[in-house]
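Student: Take a look and give me a structure for this.
(2 chains)
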Amino acid sequence: MEHAHTLVVLVEDQPGVLNRVVSLLRRRSFNIDSITVGHSEQPGMSRMTLVVRGEDADVEQAGKQLYKLLEVMKVTDLSEGEAITREMVMVKVAAKGQSRSEILQIAQVYNARVLDATPTTLMIEATGDEAQIDSFLTMMRVFGIREMVRSGKIAMSRTSGTSRQGKSDAPSNGVYAAAD
Amino acid sequence: MIPLYDAIPSSSLHHVLVRFEQWAGLAADAYARATAEVGVCIATSGPGATNLVTALANAQLDSIPMVAITGQVGPALIGRDWYQEVDITGVSLPVTKHNYLVQRAEDIAPTIKEAFYLARSGRPGPVLVDIPKNVFISKVPYIYPTKTGRKSYQPTTKPNIRQVRLAAEEIRHAKKPLIMAGHGIILSSAGQEFQQFAEKTGIPVIYTLLGLGSMSELHPQSLGMMGMHGHRHVNRALEECDLLINIGARFDDRATGRLSGFAPNARVVHVDIDPAEIGKNVLTHVPVVGDAREALRMLIEEVDSGDHKAWLDWIDGQRNRVLEAALEDRPEWPEPYAIIRGIAEATDNEAILTTDVGQHQMWAAQQFGFKYGDRWITSGGLGTMGYGLPSAIGAKMGRPDLEVWSIVGDGGFQMSFSELATAVQEKLDINIAIINNGYLGMVRQWQDLFHNHNYSEVRISAPDFVQLAEAFGATGIRVTSDEDIMPAIQRARSIKGPVVIDFVVEPEANVYPIVPPGASNSEMMHDPQWSPDEEDV
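Tutor: The predicted structure follows:
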């Protein structure tokens, strides 16, 4: 069945590596819902979080193809449940008179922070998983969203491991396993 | 690039001045196939570099180790659309195993070393190194890099013994096993191990286009090529087998036909160095990831001795006897078969045979009878027309000790014949056999069979190939009748320098069998004239 997969790709921080990863997914006809790139806990290594839609087998194939890129150290498909995911949104919402206090109350419910205010607008920052952000935005739309920016998803597995394992440890049906 | 050329006269390199960069790349590709070494080509920035793209794609699809070096404008100018500036690392991204833009002169040596290591290790492939002009001209002390390899690049070469044992277990229980021999066996120089494995298990062997010769086709267990233009008995065996052991092939669509009809009764063992190939096209029951030679060595230890005589006899009974009888009866038969068999006979199947792409390529694959994998040089995955002549040049440069023949069509030869000048300049003893039917034959065949005989833009004129050869300083021979085939072949073998034989053949001969596009291998079409009696089966 086709659904959204969250892929975490650990890569060497080299020029052009983002291009290589994205170009490979394009070649395999994947649509990227969101992508975020930043430093990881290891110096010289970047961590990408990609949300792609596709059949399980196709996404697995994409993962194997990603491993063939020289700079890619590790690819993990974080399925729902075993990972914590976060997105961040900044929203500039129309806020005059009465609605100002209503907006502030709602923001409090979502643990959102006011970043800036003008006589007619409020700028609010919220973080949460995809559903929480969607819900927050639904509430804000009532007042009129003037401008919005939403980060891509970032994700981390709940298990105790680090992202340090190399390619030869990659999980699979015996396919990657090294010799005994 | 000019600064690089400054250094060539004082180096030990043999530089071959080709006439077009695409053919340089394809000659390097063929050199690699003939020698199991890395082929190298260089091209200038801009158009020189873009002309290499087809050759890179050819090497990428057939997993050929190759290093391409291109010139680039200085780093300070990159991105300003300077004269002959092209983003070749961007352009070549999908058709290389990896590529580099070298930023500093001190990075050249380690980058070149890593490029060669990447090209030949793991699943081989082309690597491009783009070097800006000022990097070429800056002076740095030369320090030979001793370290290669990167933490992020660790191809699995030695397979997991548990997987090998599972494969051996499958082989133990199979009644009608079949080995599908792929290019990986040749790329890992595993011919000897492969024959040992085949002989120990007694399992019949079929070949992909690029796997031909991984064991001698004259071996009694060798059955010939599978797939779209595979032999009747081979595709029949695929339908019937209960275990398919794929060693080093990627289940290409030309080999498998429609996937849903492919080896429908078989469990599948797949040996491949690239984990991404496992399960990509065909459901695999036992994957064995590793180098073919390593895998075969381990398999030989784990498998029992066996023989499959009854099964081999059954397959033998599926041969198209009508066709085979006709092939013996030479004058009745269209000439392409006689030409290919004639070259095989004259050279005792020992010559390097390269081809262009099209009908002649399939006739050669079906009828030559290859003894060695590294002497069969053809463009498989990309199907690059024009490959025939430059590949003969690359193969001869790599193996001057071997006789080199190239079978080409009149269409493909017209794409690359400018390289005759290169062959003459290098004084290469190569023989080019043009199967001249006045058509883009394979396209004409498809229009004939699948588009209601609607011939659209397939009739192709040609220069006088004999005069053309002479104009280049090569030798030209024309053959228009069957009895002149063998004398012409023998004459070509005795002449120094490049020889072009223009074999004028029947214009509308088709390649049979053919599996129609999108059909299953069991739905192959036979020559109406030489069709087997299907009621026998």
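Student: burial of B:Tyr100, as a residue count?
Tutor: When counting by other C-beta atoms under 10 Å in any protein chain shown, one arrives at 23 neighbours for B:Tyr100. In short, each C-beta sits where N, CA and C put it, glycine included.
Student: Quickly note the distance from B:Ala249 to chain A.
Tutor: Distance, B:Ala249 to chain A, by C-beta to the nearest C-beta, to the nearest Å: 17 Å.
Student: cool, B:Ile501 as well?
Tutor: According to C-beta to the nearest C-beta, B:Ile501 and chain A sit 42 Å apart.
Student: B:Ala115 contacts B:Val67, doesn't it?
Tutor: Yes: if you go by C-beta atoms under 8 Å, B:Ala115 and B:Val67 touch, sitting 5.0 Å apart.
Student: Mind jotting down where the helices sit in chain A?
Tutor: Ranges of helices within chain A are A:17-27, A:56-67, A:98-109, A:130-141, based on DSSP state H.
Student: list the contacts for B:Gly342?
Tutor: B:Gly342 is in contact with B:485-486, B:489, counting by C-beta atoms under 8 Å, 6 or more residues apart in numbering or on different chains.
Student: now B:Ile206
Tutor: B:Ile206 neighbours (C-beta under 8 Å, 6+ apart): B:178-181, B:223-226, B:230, B:234, B:237-238.
Student: Mind telling me the two of those farthest from one another?
Tutor: B:Ile179 and B:Gly230 (14.5 Å; C-beta to C-beta).
Student: Quick check: phi and psi on B:Ala249?
Tutor: Per-residue torsions, B:Ala249: phi -120, psi 160 (degrees, to the nearest 10).
Student: Highest neighbour count among the contacts of B:Gly342?
Tutor: B:Ile489 (23 neighbours).
Student: Read off the pLDDT value for that one.
Tutor: On the pLDDT scale, B:Ile489 is placed at 98.
Student: before we move on, what about the one 3 residues further on?
Tutor: Taken from the predicted model, the pLDDT recorded for B:Ala492 is 98.
Student: what comes up buried for the strand or helix carrying it?
Tutor: Assigned by DSSP states H and E, B:Ala492 belongs to helix B:485-494. By 16 or more other C-beta atoms under 10 Å in any protein chain shown, the buried positions in helix B:485-494 come out as B:485-486, B:488-489, B:492-493.
Student: which residues touch B:Val500?
Tutor: B:420, B:432, B:434, B:465-466, B:468-469, B:474-477.
Student: Highest neighbour count among those?
Tutor: B:Ile434 (31 neighbours).
Student: Relative to chain A, how far out is that one?
Tutor: For B:Ile434 relative to chain A (C-beta to the nearest C-beta), the value is 37 Å.
Student: can I assume that residue is in contact with B:Ala492?
Tutor: No: with contact defined as C-beta under 8 Å, B:Ile434 does not count as touching B:Ala492 (11.8 Å).
Student: Identify the contacts common to these two.
Tutor: In contact with both B:Ile434 and B:Ala492: B:Ile501, using C-beta under 8 Å, 6+ apart.
Student: Next, B:Ile179: phi, psi?
Tutor: Reported as degrees, to the nearest 10, the phi and psi values for B:Ile179 are phi -100, psi 130.
Student: Over in chain A, which residue gets nearest chain B? Let me know.
Tutor: Proximity of chain A to chain B (C-beta to the nearest C-beta) peaks at A:Lys64, 3.7 Å away.
Student: Identify the residue nearest that residue in space, chain neighbours excluded?
Tutor: Computed as C-beta to C-beta, 6 or more residues apart in numbering or on different chains, the closest residue to A:Lys64 that is not its neighbour in sequence is B:Ala276, at 3.7 Å.
Student: How about B:Ile377?
Tutor: B:Thr354 (4.1 Å).
Student: Count the neighbours of residue 44 for me.
Tutor: Looking at chain A here, since you left the chain open. Per other C-beta under 10 Å, the neighbour tally for A:Gly44 reads 9.
Student: wrong one, I was asking about chain B
Tutor: For B:Thr44, the neighbour count with other C-beta under 10 Å is 17.
Student: what's the residue nearest to the spatial centre of chain B sitting at in phi/psi?
Tutor: Geometric centre of chain B, nearest residue: B:Thr378, 3.4 Å, by C-alpha atoms, centre = their mean. In terms of degrees, to the nearest 10, the main-chain angles of B:Thr378 are phi -150, psi 150.
Student: you'd agree it is up against B:Met385?
Tutor: No: between B:Thr378 and B:Met385 there is no contact under C-beta under 8 Å: 11.9 Å.
Student: any shared contact partners between those two?
Tutor: Here B:Thr378 and B:Met385 have B:Val357 as joint contacts, going by C-beta under 8 Å, 6+ apart.
Student: so B:Gln318 touches B:His233, yeah?
Tutor: Yes: between B:Gln318 and B:His233 there is a contact at 3.8 Å, judged by C-beta under 8 Å.
Student: what is the mean pLDDT for stretch B:109-116?
Tutor: 96.
Student: Show me what counts as buried in that stretch.
Tutor: With burial defined by 16+ other C-beta under 10 Å, the residues of stretch B:109-116 counted as buried are B:110-112, B:114-116.
Student: with these in mind, which one is nearest to chain A?
Tutor: Nearest to chain A among those, with distances taken as C-beta to the nearest C-beta, is B:Glu114, at 9.2 Å.
Student: What pairs with the longest strand anywhere in chain A, parallel or antiparallel?
Tutor: In chain A, with assignment by DSSP state E, the single longest strand is strand A:83-94. Applying DSSP bridges, strand A:83-94 is found paired with strand A:121-128 (antiparallel), strand A:145-150 (antiparallel), strand A:154-157 (antiparallel).
Student: any chance of these in CSV, plus mean neighbour count?
Tutor: Below are the strands paired with strand A:83-94 laid out as CSV (neighbours: other C-beta atoms under 10 Å in any protein chain shown):
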stretch, mean neighbour count
strand A:121-128, 19
strand A:145-150, 13
strand A:154-157, 17
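Student: Secondary structure and pLDDT added to the contacts of B:Val500, as a markdown table?
Tutor: As requested, those are arranged in a markdown table below (DSSP: H, G, I helix; E, B strand; the rest coil; pLDDT from 0 to 100):
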| residue | secondary structure | pLDDT |
| --- | --- | --- |
| B:Leu420 | helix | 98 |
| B:Ile432 | strand | 98 |
| B:Ile434 | strand | 98 |
| B:Phe465 | helix | 98 |
| B:Val466 | helix | 98 |
| B:Leu468 | helix | 98 |
| B:Ala469 | helix | 98 |
| B:Ala474 | coil | 98 |
| B:Thr475 | strand | 98 |
| B:Gly476 | strand | 98 |
| B:Ile477 | strand | 98 |
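Student: B:Val288: which of those residues is nearest?
Tutor: B:Ile432 (40.6 Å).
Student: what pLDDT does the residue of chain B found nearest chain A get?
Tutor: In chain B, the residue that lies nearest chain A is B:Ala276 (3.7 Å; C-beta to the nearest C-beta). In this model, B:Ala276 is scored at 95, pLDDT.
Student: What about it, how many residues nearby?
Tutor: For B:Ala276, the number of neighbouring residues by other C-beta under 10 Å comes to 20.
Student: Which secondary structure state does it sit in?
Tutor: When classified by DSSP: H, G, I helix; E, B strand; the rest coil, B:Ala276 comes out as helix.
Student: What is the neighbour count of the closest residue to A:Ser135 other than its chain neighbours?
Tutor: Excluding the flanking residues, the one nearest A:Ser135 by C-beta to C-beta, 6+ apart is A:Tyr110, at 7.7 Å. The number of residues packed near A:Tyr110 is 18, by other C-beta under 10 Å.
Student: Who are the contact partners of A:Tyr110?
Tutor: Contacts of A:Tyr110 (C-beta under 8 Å, 6+ apart): A:126, A:128, A:132, A:135-136, A:139.
Student: Make TSV out of those and add pLDDT.
Tutor: Shown next, in TSV, are the contacts of A:Tyr110 (pLDDT from 0 to 100):
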residue	pLDDT
A:Ala126	98
A:Gly128	97
A:Gln132	96
A:Ser135	97
A:Phe136	97
A:Met139	97
